[in-house]
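Undergrad: mind folding the following:
(one chain, ligands or ions: 3)
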Amino acid sequence: MKIAVFAGDGIGPEVTHEAVRVLQALDLPGLELVEGDVGGAAWRKHGHPLPEATLEIARAADAILFGAVGDFECDHLERHLRPEQAILGLRKALGLFANLRPARVFPGLEDHSALRPEVAGAIDLLIVRELNGDVYFGEKGIRTLDNGERQGWDMMAYAESEVRRIAHVGFKAARGRKGRLCSVDKANVLETSQVWRDVMIEVAAEYPDVELSHMYVDNAAMQLVKSPGQFDVVVTGNLFGDILSDQASMCVGSIGLLASASMAEGTKGLYEPIHGSAPDIAGQGKANPMATILSAAMLLRHSFGREAEAARIEAAVAAALADGVFGGDLGGTYGTTAIGDAVLGRL
Ligand code: NAD
Ligand code: IPM
Ligand code: MN
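TA: Numbers count the residues shown, from 1 in each chain. Ligands and ions are numbered 1, 2, ... in the order given. As a prediction, this is how the structure comes out:
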């Protein structure tokens, strides 16, 4: 079990440390952790956010546990040197095209959602976000117009094959859950989305047991707050999925709770919280490590088939939350280490 650990910037190392403690506590046979530099931290040490040595560690590993990258002191750098290129580069280099972002309300947390308890209590959804295409990876640039002003531009595009492979992930996920798949797009305006919708309908023929629906992304944002319980699996593009998953996190209670898995065709995956480096609380021991701990659970499930250990971690987090182990993000007083201790104690 060779696991690459890329802690990154800001709260990344703080939350990753707790997730590693949890993994180590499980006495997994052959567990081997290999650390690597990413993000602003890597740029400071090696002059690049995703050094070749880190990429090699990632390629040699069975799975990657990722903290977060992002450092405002790097905002002046050329885009290819910015910390965020580490995570974008890893997703692309390893072909991690399917991003799974589950969101459910833990028992006892209904009162901590930004929504009314009876609305929040019904949330149990999975966002399947395409991760290798869209406006993220299209050509981009800043050009000067005839009148002298600058114009920034980013190409949004999806090829049918890119949509088809994420569609299959969405349909299979829905088949293993409540059998409902909602495809979110902006087909009333974007040609990218028209192709997306056409392919979703085409692939649906292979999954007669799954009920496919379509929703425009603006309505989806509204419905996610109005009645999130209507969603089972949501499949959407890279940009819409990024935005909707942060929104889903607050419906559940906090961004400090949402884990994710980024998968390629096989079992190799990268696992990370959906949040970023949180510079506003970095270095203060305040960050909630639960999202990263839950990402470690996803790692055991999806890359190693260790369902029992994954469920044990999830149960320990749920028990801690049920006992009122809340970080500042949930209005509580527990710090990062205390939350880690509380989860370990319940493991
Ligand atoms: P963010 O997710 O880092 O923080 C948003 C807000 O949520 C902040 O107030 C922060 O304190 C809070 N927060 C986030 N995680 C938390 C946790 N575990 N516990 C408690 N509170 C938490 O988003 P941002 O502020 O927009 O971005 C900061 C940096 O992170 C940027 O450089 C951005 O590019 C980067 N980023 C990286 C990733 C990633 O590595 N995958 C993801 C998102 C953002
Ligand atoms: C995420 C982040 C990244 C994204 C950034 C840091 C590139 O917001 O993982 O959700 O937009 O995918
Ligand atoms: Mn994001």
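
Undergrad: what helices and strands are in contact with the helix or strand where Ala58 lies?
TA: Assigned by DSSP states H and E, Ala58 belongs to helix 52-60. Counting contacts by 3 or more C-beta pairs under 8 Å, 6 or more residues apart in numbering; DSSP states H and E, helix 52-60 is packed against strand 2-8, strand 32-35, helix 84-93. (C-beta placed from N, C-alpha, C; glycine too.)

Undergrad: tell me the strands beside the second one, with direction?
TA: Partner strands and pairing direction for strand 32-35 (DSSP bridges) are strand 2-8 (parallel).

Undergrad: quick one: distance of the partner strand to the chain centre.
TA: 16 Å (C-alpha atoms, centre = their mean, to the nearest Å).

Undergrad: where in this structure is pLDDT low?
TA: The model of the chain has no residue with pLDDT under 70.

Undergrad: show residues contacting stretch 144-153.
TA: Contact with stretch 144-153 is made by Lys140, Gly141, Ile142, Arg143, as judged by C-beta atoms under 8 Å, 6 or more residues apart in numbering.

Undergrad: how about the nearest residue to the first one, chain neighbours excluded?
TA: For Lys140, the nearest residue in space outside its immediate sequence neighbours is Asp154; the separation is 4.3 Å by C-beta to C-beta, 6 or more residues apart in numbering.

Undergrad: that neighbour - how many residues pack around it?
TA: The number of residues packed near Asp154 is 13, by other C-beta atoms under 10 Å.

Undergrad: correct me, but it touches Val135?
TA: Yes: counting by C-beta atoms under 8 Å, Val135 is a contact partner of Asp154 at 5.0 Å.

Undergrad: still on that earlier bit, which strands and helices sit next to the helix or strand following the helix holding Ala58?
TA: Next helix or strand after helix 52-60 toward the C-terminus (DSSP H and E): strand 63-68. Secondary-structure packing of strand 63-68 (3+ C-beta pairs under 8 Å, 6+ apart): strand 2-8, helix 12-25, helix 84-93, strand 269-273, helix 290-304.

Undergrad: out of the ones you listed, nearest to ligand 1?
TA: If you check each of those against ligand 1 by C-beta to the nearest ligand atom, helix 84-93 wins as the nearest, at 4.7 Å.

Undergrad: report the angle between the axes of that closest one and strand 2-8?
TA: 150 degrees (axes from the mean of the first three to the mean of the last three C-alpha atoms, to 10 degrees).
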